[in-house]
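>>> Structure of the sequence below:
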Amino acid sequence: MKKTWILWFIIITLLWLSSCGNHVEFVTIGTWGITWVYYPTGWAISRLLNIKKDEYFLKATVESTAGSVYNINAVLNEDLEFGIAQSDRQYQAYRGLAEWEGAGAQTKLRSVFSIYPESVTLLVSSGSNIQTVEDLKEKKINLWNPGSGQLQNALDTLEAAGLKEEDIEAEYVKATEAPGLIQDERIDGFFYTVGHPNGNIKEATSGKTPMRIVPIDGEVADKLINTYPYYAKSIIENSLYPNLENSQDINTFWVKATLITSEEVDEEIVYKLTKEVFENLDKFRELHPAYWVITKENMLEWLTAPLHKWALKYFKEAWLDEYIDAKLIVKEK
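So this is what the prediction gives:
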């Protein structure tokens, strides 16, 4: 009887140890609304990681959130392991600017890699007679919802053109509402920082009201680039939106969509996620048209917070560290 009891004790102990060894750990990637490119980006990253679920014992999930600011704060508060955020918001958080001015520099914030460019897009109805940013004065323009990276990009653009928020009739609605408003001629235009091609822009340009994208170039673009280190000039291909009135590609400026984490996130998780994305980049690029421009090299550009040390570990192993700005490499505690 005693031997039987001991045998059962050993079996139960071994089963318990085995189950502990195969415990699947869940990690969550914060994105934005499901119509936004951030959501399919989080899904694409999680898909690549989940292919190795039985090997890594990791299961990635995607959460629709309020966007960049929320994702940064949630990562720092350990409510999310990863988040997608605009590179300008990453810059501001790490240095204690904008929404983080009161809380101070968020020095635990870490970059993993950048993903795709997000061009600041100013779409207007042709009947509005808006040809330049300066023409926005006294026009009804959607700037996006308060607290969004989109709103700050719009305000920066207005400032560079010598305009203030009160110089226009500002609206503050989300991207999903803007196409209907502009087609119904209830607004004259809207700002949208986004990877192209984009579904909401396609929707807005597919109705009866003719549309065009206003170039953000010349002195306005130069002032933006010279003032803010996280902005760079970009081009939107007019061929992406066949119904646009634009006959040529449109000059503007962009930020980068980036994957962020905290220095506190488990090193193995960061390493494995980075490895799976970079070693399956061709599969990743197939998952959304906005990823067509992605290369391993440009995924290490325009990062505005230090790299997580275990993302850096992978990049060194893959001989990619030569593309990394030395300022992104910090000595961890």
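>>> how deep is Lys327 tucked in, by neighbour count?
Using other CB atoms under 10 Å, Lys327 is surrounded by 9 other residues. To be clear about C-beta, it is placed using only N, CA and C from the backbone, and glycine gets the same treatment.
>>> scratch that, Gly102
Neighbour count for Gly102, taken as other CB under 10 Å: 6.
>>> Same check on Glu297?
With other CB under 10 Å as criterion, Glu297 counts 10.
>>> Does it touch Asp321 like I think?
No. Assessed by CB atoms under 8 Å, Glu297 is found out of contact with Asp321, at 11.5 Å.
>>> For Lys139, which non-adjacent residue is closest in space?
Setting aside the residues directly before and after it, Lys139 is nearest to Asp188 in space (CB to CB, 6 or more residues apart in numbering), at 4.3 Å.
>>> Relative to Val293, how far out is His184?
That one is not His; residue 184 is Asp. Shown here: Asp184 relative to Val293, a distance of 33 Å by CB to CB, to the nearest Å.
>>> What of Ser206?
Taking CB to CB, one finds Ser206 at 24 Å from Val293.
>>> Please apply the same query to Val277.
16 Å.
>>> same deal with Lys139?
Relative to Val293, and taking CB to CB, Lys139 is found at 32 Å.
>>> and if you look at Thr132?
Between Thr132 and Val293 the distance is 27 Å, computed by CB to CB.
>>> Strands of the stretch 201-333 of the chain, start to end?
Assigned by DSSP state E, counting those that start in this stretch, the stretch 201-333 of the chain shows strands spanning 211-213, 232-236, 250-262.
>>> would CSV of the ones you listed with mean pLDDT and mean neighbour count be doable?
CSV is the format used below for the strands of the stretch 201-333 of the chain (pLDDT from 0 to 100; neighbours: other CB atoms under 10 Å):
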stretch, mean pLDDT, mean neighbour count
strand 211-213, 97, 24
strand 232-236, 94, 19
strand 250-262, 96, 25
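>>> Help me confirm that Val173 is found in a helix?
No. Assigned with DSSP: H, G, I helix; E, B strand; the rest coil, Val173 falls outside any helix and is coil.
>>> Now do the same for the closest residue to Ser247 other than its chain neighbours: its pLDDT.
Using CB to CB, 6+ apart and skipping the chain neighbours, the partner closest in space to Ser247 is Asn238 (6.9 Å). Model confidence at Asn238, given as pLDDT, is 92.
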